[in-house]
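S.K.: turn this into a model:
(chains A and B)
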Protein chains: 2
Amino acid sequence: MFRHVVLFTWSDDATPARQHALAGELRKLPDLIETIRAYRVGPDLGVNPGNCDFAVVADFDNADGYLVYRDHPAHRAVVEQYVNPIVARRNAVQYEI
Amino acid sequence: MFRHVVLFTWSDDATPARQHALAGELRKLPDLIETIRAYRVGPDLGVNPGNCDFAVVADFDNADGYLVYRDHPAHRAVVEQYVNPIVARRNAVQYEI
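M.R.: This next block holds a predicted model:
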C-alpha cells in the first residue's frame, strides 16, 4: 500500500477554533474520496517537546489512489480554506507500506 | 490507539548504504519491543518535490506503550548508531487514532 504522511506546524493565527474546524473538515474526506483506505488525523498530544502540531496519515492502494486524493476538489477546498490560513510549516513523505 | 510519527530529512552524509542499513535496523524493532502494534518505515518515493526523506509511523495501545519504545535500549541504540550520524532535521507528532 501507499502511505501519505503530513506533519503541520501552525502559525500564531491557528486559534483552537480554527484547528478544531480543520480537523472536522478533514475527517469528512474519507466519505467524499473513494480511494482513501485509512485516514487518521489529529493534534499532537504534547508528550514530547519540540514537536509539530498536527498529523495526517492516509493510506491508499497505490500512488494513483493518492493522486486522486491529492488533487480532489474536496481536498483542495479544505487545504485552501482551512489549512493554508493557519499553516507555518508543512513536512510530508509518501512511502510504500 | 496511540500513533507516533517521525519524518526525517537526511544530511549530505546519508549515503544510500547508510539509509538502507538504518531501515533494516528499524525493521528489527517490532521483534524486540513488545509494545509495538504496527510499525511502518520507509524512504520517500519522490512523488512530490520538497518532501522529507524518510518516514516512521508506529502504533501502540497507549502512551505508556509508546514510552516503552521511545526509551527502549534497542531503539536508543539504532537512533544513536544509525539515525544521528545522518540526520539533518527531525519532525515528529504523537497523536490519538
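S.K.: any idea which residue of chain A is furthest from its center?
M.R.: Here the centre of chain A is the reference, and by CA atoms, centre = their mean the most remote residue is A:Pro49, at 21.2 Å.
S.K.: surely that residue is in a strand?
M.R.: No - with DSSP: H, G, I helix; E, B strand; the rest coil as the criterion, A:Pro49 is coil rather than part of a strand.
S.K.: do you know how far it is from B:Pro30?
M.R.: Using CB to CB, to the nearest Å, A:Pro49 is found at 26 Å from B:Pro30. For every residue, glycine as well, the C-beta is placed using N, CA and C.
S.K.: spell out which residues of chain A are next to chain B.
M.R.: Proximity of chain A to chain B (CB under 8 Å from any CB of the partner chain) is limited to residues A:2-3, A:5, A:7, A:40-45, A:47-48, A:50-55, A:57, A:63, A:66-67, A:91-97.
S.K.: filter the residues you listed down to just the ones in strands.
M.R.: In strands, defined here by DSSP state E, the members of the residues of chain A next to chain B are A:2-3, A:5, A:7, A:40-43, A:54-55, A:57, A:91-96.
S.K.: tell me, how many residues neighbour the spatially closest residue to A:Thr9 that is not a sequence neighbour?
M.R.: What sits nearest to A:Thr9 in space, not counting adjacent residues and going by CB to CB, 6 or more residues apart in numbering or on different chains, is A:Arg89, at 4.0 Å. Per other CB atoms under 10 Å in any protein chain shown, the neighbour tally for A:Arg89 reads 12.
S.K.: residue contacts, A:Arg89?
M.R.: A:8-9, A:52 (CB atoms under 8 Å, 6 or more residues apart in numbering or on different chains).
S.K.: tell me which residue is most central in chain A.
M.R.: A:Val56 (3.8 Å).
S.K.: any idea which helix or strand comes after whichever helix or strand A:Arg70 is part of?
M.R.: Element membership for A:Arg70 (DSSP states H and E) is helix A:63-71. Counting by DSSP H and E, the element after helix A:63-71 in chain order, helix or strand, is helix A:73-78.
S.K.: report the mean per-residue pLDDT for that following helix.
M.R.: In this model, helix A:73-78 carries a mean pLDDT of 98.
S.K.: stretch A:47-58 now?
M.R.: Rounded mean pLDDT across stretch A:47-58 is 98.
S.K.: got the end-to-end distance for it?
M.R.: Distance across stretch A:47-58, first residue to last, is 22 Å (CA to CA, to the nearest Å).
S.K.: pull the distance from it to the chain's centre.
M.R.: In terms of CA atoms, centre = their mean, to the nearest Å, the centre of stretch A:47-58 is found 11 Å from the chain centre.
S.K.: the ones in strands among the residues of chain A next to chain B, buried ones only, as a PyMOL selection?
M.R.: Selecting the buried subset of those in PyMOL, with 16 or more other CB atoms under 10 Å in any protein chain shown as the burial test, is done by:
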select buried, chain A and resi 2+3+5+7+40+41+42+43+54+55+57+91+92+93+94+95
